[in-house]
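S.K.: Only the shape, not the letters, is given here:
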């Protein structure tokens, strides 16, 4: 859990910070929708509670994670 919160979409209340983020202020947070839709949201903590939230459906998120695990984005 984290201290980050964003009220732009009430489906996302439990934000998680990656363990590799450490104690810095520029962390990426992830939350699962609590409405059963399977949607996943990400937000950058640098902007605080007004941070833009990007929402992905379950298929988009699964495809992204598979690509990341396969190294498709390592060149970025």
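M.R.: Good, I have the coordinates. The structure displayed is predicted, hence computed values, not measured ones.

S.K.: Pull the number of nearby residues for residue 71.
M.R.: By the criterion of other C-beta atoms under 10 Å, residue 71 has 8 neighbours. For glycine as for every other residue, the C-beta is placed from the backbone atoms N, C-alpha and C.

S.K.: Would you list the phi and psi of it?
M.R.: phi 80, psi 10 (degrees, to the nearest 10).

S.K.: quick one: it from residue 54, how far?
M.R.: Between residue 71 and residue 54 the distance is 22 Å, computed by C-beta to C-beta, to the nearest Å.

S.K.: And residue 35, by the same measure?
M.R.: Distance, residue 35 to residue 54, using C-beta to C-beta: 17 Å.

S.K.: which parts of the helix or strand where residue 59 lies are buried?
M.R.: In this assignment (DSSP states H and E), residue 59 forms part of helix 58-69. Using 16 or more other C-beta atoms under 10 Å as the burial criterion, the residues of helix 58-69 that qualify are residue 61.

S.K.: List the contacts of that helix.
M.R.: The contact list for helix 58-69 (C-beta atoms under 8 Å, 6 or more residues apart in numbering) reads 37-40, 56, 73.

S.K.: And the residues you listed, which two are furthest apart?
M.R.: Taking C-beta to C-beta as the measure, the contacts of helix 58-69 span a maximum distance of 25.4 Å, between 37 and 73.
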